[in-house]
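Enquirer: Give the three-dimensional model of this entry:
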Amino acid sequence: MKELLKSTARRALPVSTRRWLKARLDGANYHPPVGSVQFGNLRRVTPISRVFGYDRGLPVDRYYIEGFLARNLSDVRGHALEVGDNTYTRRFGGDRVTRSDVVHVTEGNPNATIVADMSRADNIRSNTFDCIIFTQTLHFIYDVRAAVQTLNRVLKPGGVALVTFPGISQIDYNEWREYWLWSFTALSARKLFAEAFPAANVGIETHGNVLAATAFLQGLAAEELTQEELDYRDLSYPVIITVRAVKSGAA
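Expert: Numbers count the residues shown, from 1 in each chain. Predicted coordinates:
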């Protein structure tokens, strides 16, 4: 009976969707014999791109990061803080942002309005920001616990931190070789943020699957995969981990 219901449900779908679903199911259930896997252009010991796919289009990790921010754009409002520049603040906040600050760890960044190490940041007042966009930064900070505590401290009550960091990723041994310290899992992210924020106020998501992870490690761009391939989630292959953390108290 269950198989009959499934068959009936599939027939109700558009033809194109049924074809895609069949291909997906057939592909998931087929395991080629040992020695018959065709690697094609991926049979190489060096990646196709060492710059995360920026030279080919939108990097796979940025597809997930920007999708996360788009789904939470209503949080980007009021007095906002971003790391490095305010590109995402302007893109996703628009007129909802009344003041935009940029933090950088060292002097010399022309975009920065604040110079601070976020594992201390004593020069940033508590209860300052309505929103903090903290993308792809936490893995550069050795004392990650202190950094997450700082995020909570400098947010206003009810303020929101939108945070992303890598799970499965190549490591940049050029510009960031002296700074890249960590990769994370969903469990480590949950435990880390629950130490600083109320556990009920922390939302953790992982994004990616074995195909997306393979493409990202090779430096392929998001445009080289389909949306269905990118959006399929497999908890065992987290390319990007996202966190939405809300400080306790009224906004």
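
Enquirer: Going by C-alpha atoms from here, please, whenever you check contacts or count neighbours.
Expert: OK.

Enquirer: Could you list the low-pLDDT ranges of the chain?
Expert: The chain contains residues with pLDDT under 70 at 1-13, 16-28, 251.

Enquirer: Going along the chain, name the helices of it.
Expert: 2-11, 15-29, 60-71, 87-93, 144-154, 186-194, 210-218, 227-231 (DSSP state H).

Enquirer: can you pull the contacts of residue 109?
Expert: Counting by CA atoms under 8 Å, 6 or more residues apart in numbering, residue 109 touches residue 84.

Enquirer: how far away is it from residue 123?
Expert: As for residue 109, its distance to residue 123 is 17 Å (criterion: CA to CA, to the nearest Å).

Enquirer: The closest residue to residue 169 other than its chain neighbours: neighbouring residues, count only.
Expert: Once flanking residues are discounted, residue 169 sits nearest to residue 217: 6.1 Å by CA to CA, 6 or more residues apart in numbering. For residue 217, the count of nearby residues is 22 (other CA atoms under 10 Å).

Enquirer: Contact partners for residue 217?
Expert: 47, 52, 168-170.

Enquirer: tell me, which strand in the chain spans the most residues?
Expert: strand 155-166 (DSSP state E).

Enquirer: contact partners of stretch 163-174?
Expert: With CA under 8 Å, 6+ apart, stretch 163-174 has contacts from 50-52, 65, 133-139, 177, 180, 183-185, 213, 216-217, 237-244.

Enquirer: Just the endpoints, please. Distance across that stretch?
Expert: Span of stretch 163-174 from end to end, CA to CA: 24 Å.

Enquirer: do stretch 161-178 as well
Expert: Distance across stretch 161-178, first residue to last, is 26 Å (CA to CA).

Enquirer: Quick one: distance of that stretch to the chain centre.
Expert: 10 Å (CA atoms, centre = their mean, to the nearest Å).

Enquirer: Okay, buried residues for it please.
Expert: Under the neighbour-count criterion of 16 or more other CA atoms under 10 Å, stretch 161-178 has 161-171 buried.

Enquirer: And these, which is closest to residue 229?
Expert: Nearest to residue 229 among these is residue 168, at 16.5 Å by CA to CA.

Enquirer: that older thread, can you add distance to residue 202 and give the helices of the chain back as TSV?
Expert: Output for the helices of the chain, formatted as TSV (distance: least, CA to CA, whole Å):
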stretch	distance to residue 202
helix 2-11	36
helix 15-29	33
helix 60-71	14
helix 87-93	21
helix 144-154	12
helix 186-194	7
helix 210-218	25
helix 227-231	22
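
Enquirer: Of those, which is nearest residue 114?
Expert: For the helices of the chain, the distance to residue 114 is smallest for helix 144-154, at 12.9 Å, taking CA to CA.

Enquirer: Mind listing residues that contact the closest one?
Expert: 118-121, 124-129, 132, 138, 141, 161, 192-193, 196-197, 247.

Enquirer: make it 6 Å
Expert: 118-119, 126-128, 196 (CA atoms under 6 Å, 6 or more residues apart in numbering).

Enquirer: Just the ones of those residues in strands?
Expert: Nothing among these maps onto strands, per DSSP E.

Enquirer: Count the residues that sit near the spatially closest residue to residue 179 that is not a sequence neighbour.
Expert: Nearest residue to residue 179, sequence neighbours excluded (CA to CA, 6+ apart): residue 140, at 5.1 Å. As a burial measure, residue 140 scores 17 neighbours (other CA under 10 Å).
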